[in-house]
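Undergrad: Below is the structure, and that's it, no one-letter string:
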Ligand SMILES: Nc1ncnc2c1ncn2[C@@H]1O[C@H](COP(=O)(O)OP(=O)(O)OP(=O)(O)O)[C@@H](O)[C@H]1O
């Protein structure tokens, strides 16, 4: 199926509110065309049930008319930010962000898959991206979700060490099996690359590894797959976009102006590749002393400003704190906050926001 033909058919659908084609306004987005199927996301102005049914029928008819039999439509309600971006004209559709016609998506990443992919990105290293990844994953597990974690930070894989699984690489005959810790199922580039392997050789290995992780790892049934991206805006974001077009994204920053400024570029990359940004997480926001007084060691409002620049929400502000874990405890971890701690509660709230946005 030719993409041009599909876009031409979709361009005939006009949004009554703005008078512009759905495709131009972004009300239809994430259009994915492959040999067998067309998948897309449809944003609706209102939740009136009639509207969804009407547009599903219209879209399906348009695509059936050009010979597409298999049409997959994800429907979601438009957020205030998305509406503002459409009204102000800030949303501009970007061409060719889709896998080429011949490329097959891994079954786990196909539009039919029920696994929700969420990438955790940052502009620069050291802002706590991996800490946010494992704590969000752990909070989702506590919320009863089945969670996989891909540590794709090939330049600074830290998740194995954080979770104490450095040496384990399980294989089951011909398959790679993820390691289970704290209820999450983990695969890390660190399992396959020696820390002594020069960093310069690692980049080119990543695409191949992601392919293996998506196609050849024997994942159990999952609800969520959280991906820890390398810092920056490089090839990996494009690679993720090609392999997992529906992957949503969270951007992590500290309140520091530099971190927040650099993170804007990571966010801009997500917007360009049409990944849905769920919001910004500001980490190391402040330190609270014994009297309850907050000390803003890295400045203030970097997260809020970043969220405004990206027209998204500030999902959480996480204070500086070390998990109070006792080494003798069986669930000891230097990185995972227990549910009863302040940070544990903040992560529980973050997990609920993710669930709300991705399961709406
Ligand atoms: N809220 C926090 N309070 C205290 N320490 C934190 C907090 N968040 C992260 N850290 C610590 O900061 C350091 C960097 O965190 P982390 O490795 O998660 O960052 P990163 O952005 O993934 O870095 P890189 O990309 O270099 O791997 C770690 O030692 C981590 O334990």
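TA: Now that the structure is in, tell me what you want to look at. What you see is a predicted model, and the numbers here were worked out from it, not measured in a lab.

Undergrad: So what sits opposite the spatially closest residue to residue 304 that is not a sequence neighbour in the bridge?
TA: Leaving aside its chain neighbours, residue 304 sits nearest to residue 314 (5.3 Å; criterion: Cβ to Cβ, 6 or more residues apart in numbering). Where C-beta positions appear, they are placed from N, C-alpha and C, glycine not excepted. For residue 314, the beta-bridge partners under DSSP bridges are residue 280.

Undergrad: quick check: mean pLDDT across the helix or strand hosting residue 83?
TA: In this assignment (DSSP states H and E), residue 83 forms part of helix 80-88. Computed over helix 80-88, the mean pLDDT rounds to 72.

Undergrad: Next, count neighbours for the residue of the stretch 201-350 of the chain found nearest the ligand.
TA: Nearest to the ligand, among the residues of the stretch 201-350 of the chain, is residue 320, at 4.0 Å (Cβ to the nearest ligand atom). Per other Cβ atoms under 10 Å, the neighbour tally for residue 320 reads 16.

Undergrad: Adjust the sequence numbering to begin at 618 for everything that follows.
TA: Yep, numbering from 618; the last one is residue 937 now.

Undergrad: For the chain, what lies in contact range of the ligand?
TA: Within reach of the ligand by Cβ under 6 Å from any ligand atom, the chain has these residues: 739, 742-748, 770, 773, 775, 848, 900-901, 935, 937-939, 952.

Undergrad: Buried ones from these, can you make that a ChimeraX selection?
TA: Buried subset of the residues of the chain next to the ligand, written as a ChimeraX selection, criterion 16 or more other Cβ atoms under 10 Å:
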select :739,742,744,745,746,747,748,770,773,775,848,900,901,935,937,952
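
Undergrad: The residues of the chain next to the ligand in helices, which ones?
TA: 746-748 (DSSP state H).

Undergrad: tell me the contacts of residue 839?
TA: 725, 732, 763-765, 802 (Cβ atoms under 8 Å, 6 or more residues apart in numbering).

Undergrad: Next, residue 870: phi, psi?
TA: phi -140, psi 170 (degrees, to the nearest 10).

Undergrad: hang on, it packs against residue 919?
TA: Yes - counting by Cβ atoms under 8 Å, residue 870 does reach residue 919; the two are 5.6 Å apart.

Undergrad: Share the number of residues neighbouring residue 834, please.
TA: There are 17 residues near residue 834, going by other Cβ under 10 Å.

Undergrad: and if you look at the one 3 residues further on?
TA: Close neighbours of residue 837, defined as other Cβ under 10 Å, add up to 10.
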